[in-house]
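**Student:** No sequence on hand, only this structure:
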């Protein structure tokens, strides 16, 4: 990996899954207890990862719109209001392209890469199951073929409304 390429968040797990060395301990259970794996869960994970990536991209577009915004109407055009220009500059840097990389756009990009890795990890595990279980493979392929297009996940309301209000 080059210096410019950051390490993948789940890189080691991805390698283990692709090489068939990934194991999971699900806690207490008698030796020999069967673990049921169903194709639906893998398809749901695929769908939800796609939806989450679309949501992240929508949020990045909002951050970019904030960064590009020309007019803020908080007095930035008034030479006597130096703090207005300072504030606008801070808003822009916090939205995108801050010097330290601690801006909304960059943080969302990190989250996007984590979701990509989670998605690839589940794909690798599903692939291993399909190679060894024909029934799983048939069901997985059937579900994936009939899956509706992904849509962005919805953000919860900023202020949850209690039931009955």
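**Tutor:** Structure's in. What do you need? All values reported here derive from a predicted model rather than from experimental measurement.
**Student:** contacts and neighbour counts: CA atoms only from here.
**Tutor:** Noted.
**Student:** could you say which helix or strand contains the residue most central in space within the chain?
**Tutor:** Closest to where the C-alpha atoms of the chain average out (C-alpha atoms, centre = their mean) is residue 115, at 3.4 Å. Here residue 115 is covered by helix 104-132, with elements defined by DSSP states H and E.
**Student:** which parts of stretch 66-85 are buried?
**Tutor:** 66, 67, 76, 84, 85 (16 or more other C-alpha atoms under 10 Å).
**Student:** What strand or helix carries the first one?
**Tutor:** So the one you mean is residue 66. If you go by DSSP H and E, residue 66 is part of helix 39-68.
**Student:** Which residues does the helix or strand following that helix contact?
**Tutor:** Scanning forward in sequence from helix 39-68 by DSSP H and E, the next helix or strand is helix 82-95. Here helix 82-95 makes contact (C-alpha atoms under 8 Å, 6 or more residues apart in numbering) with 63-64, 66-68, 72, 74-77, 99, 102-105.
**Student:** Can you tell me which of those is closest to residue 56?
**Tutor:** Closest approach to residue 56 among these (C-alpha to C-alpha): residue 105, at 9.3 Å.
**Student:** Pretty sure residue 152 sits against residue 47.
**Tutor:** No: using C-alpha atoms under 8 Å, residue 152 makes no contact with residue 47, being 9.8 Å away.
**Student:** These two: which has the busier surroundings?
**Tutor:** residue 47 (20 against 17; other C-alpha atoms under 10 Å).
**Student:** Next one: the residue nearest to the centre of the chain relative to residue 13, how far apart?
**Tutor:** 14 Å (C-alpha to C-alpha, to the nearest Å).
**Student:** Can you pull out the low-pLDDT segments for this protein?
**Tutor:** 1-5, 24-35, 165 (pLDDT under 70).
**Student:** Now find how far off-centre the helix holding residue 115 is within its chain.
**Tutor:** 8 Å (C-alpha atoms, centre = their mean, to the nearest Å).
**Student:** Now do the buried residues in it.
**Tutor:** Buried-residue list, helix 104-132, by 16+ other C-alpha under 10 Å: 104-106, 108-109, 111-130.
**Student:** before we move on, what about stretch 147-161?
**Tutor:** 152, 153.
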